[in-house]
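Asks: Provide a 3D model corresponding to the input given below.
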Amino acid sequence: MLSTYTLVEFFLFSFFIWLIIDNRQFKKVIAAVSTLFIIFICYYFFTTKWNFFDSVPVACESILIFTFSLYYLFEQINKPRVLFIYNTSMFWIILGFLVYLAGSFFIYTFADNLDRDDRVKFWFIPFIFNTIKNIFFSIAFSRREAKDKNSSSLSSSYDNFFKTPFNPL
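Replies: Below you'll find the model as predicted:
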């Protein structure tokens, strides 16, 4: 069951990053790595005795999504689409990925090796970073994107996800 959650989370995060990255070669890398990760998850699910948590797949997922996210930021540094990256919704989502994965990486990685008392003592840490991730996602969803005067031709395919924030009225 936990591997299913890990697989869905990985798929959603990596697909989102795949959508916002411009480099076609890196998109192919994401697709190939995602396929290998799916094979790995299936192999791990059927061959490993379950303890408490699927630490190995979560660690692999964290490293892969962290790498994809850093590549996105690297791409933005080399070919900026806007003057200030923190004015884009994509930045806040990627920042949420990075904070969540970096903050919960070690507790998730060593969860199978901790005894019950230590797990209870430290298990609040991933919840804190998940909350921070959700706050960053909320910032991204509530942003109203403004077109940069210098990037009118560059921003045509960018940030179509969150141009108009949710308005219930």
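
Asks: in the chain, which spans are helices?
Replies: 2-20, 24-47, 55-78, 89-109, 116-122, 124-142 (DSSP state H).

Asks: what's the distance between the shortest one and the middle of its chain?
Replies: It refers to helix 116-122. Relative to the centre of its chain, helix 116-122 is centred 26 Å away, using Cα atoms, centre = their mean, to the nearest Å.

Asks: in that helix, what's buried?
Replies: By neighbour count on 16 or more other Cβ atoms under 10 Å, the buried set for helix 116-122 is residue 119. C-beta coordinates here come from the backbone N, C-alpha and C atoms, glycine included.

Asks: do the last one as well
Replies: Going by neighbour count (16+ other Cβ under 10 Å), the buried part of helix 124-142 is 126, 129, 133, 136, 137, 139, 140.

Asks: looking only at pLDDT, what's the mean for it?
Replies: Helix 124-142 shows a mean pLDDT of 91.

Asks: one step back: pick the most buried one from the helices of the chain.
Replies: helix 89-109 (a mean of 20; mean count of other Cβ atoms under 10 Å).

Asks: by contact count, what packs against that one?
Replies: Applying 3 or more Cβ pairs under 8 Å, 6 or more residues apart in numbering; DSSP states H and E, one finds that helix 89-109 contacts helix 2-20, helix 55-78, helix 124-142.

Asks: can you tell which of those is closest to residue 86?
Replies: helix 124-142 (9.7 Å; Cβ to Cβ).

Asks: if we can go back for a sec, now tabulate the helices and strands packed on helix 89-109 in CSV and tack on distance to residue 29.
Replies: Shown next, in CSV, are the helices and strands packed on helix 89-109 (distance: least, Cβ to Cβ, whole Å):
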stretch, distance to residue 29
helix 2-20, 10
helix 55-78, 9
helix 124-142, 24
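
Asks: Flag whichever of the helices of the chain has the least confidence on average.
Replies: helix 116-122 (a mean of 80).

Asks: Would you check that residue 107 makes contact with residue 125?
Replies: Yes - with contacts counted by Cβ atoms under 8 Å, residue 107 reaches residue 125, the gap being 5.1 Å.

Asks: residue nearest the centroid of the chain?
Replies: The residue lying closest to the centre of the chain (Cα atoms, centre = their mean) is residue 97, at 3.7 Å.
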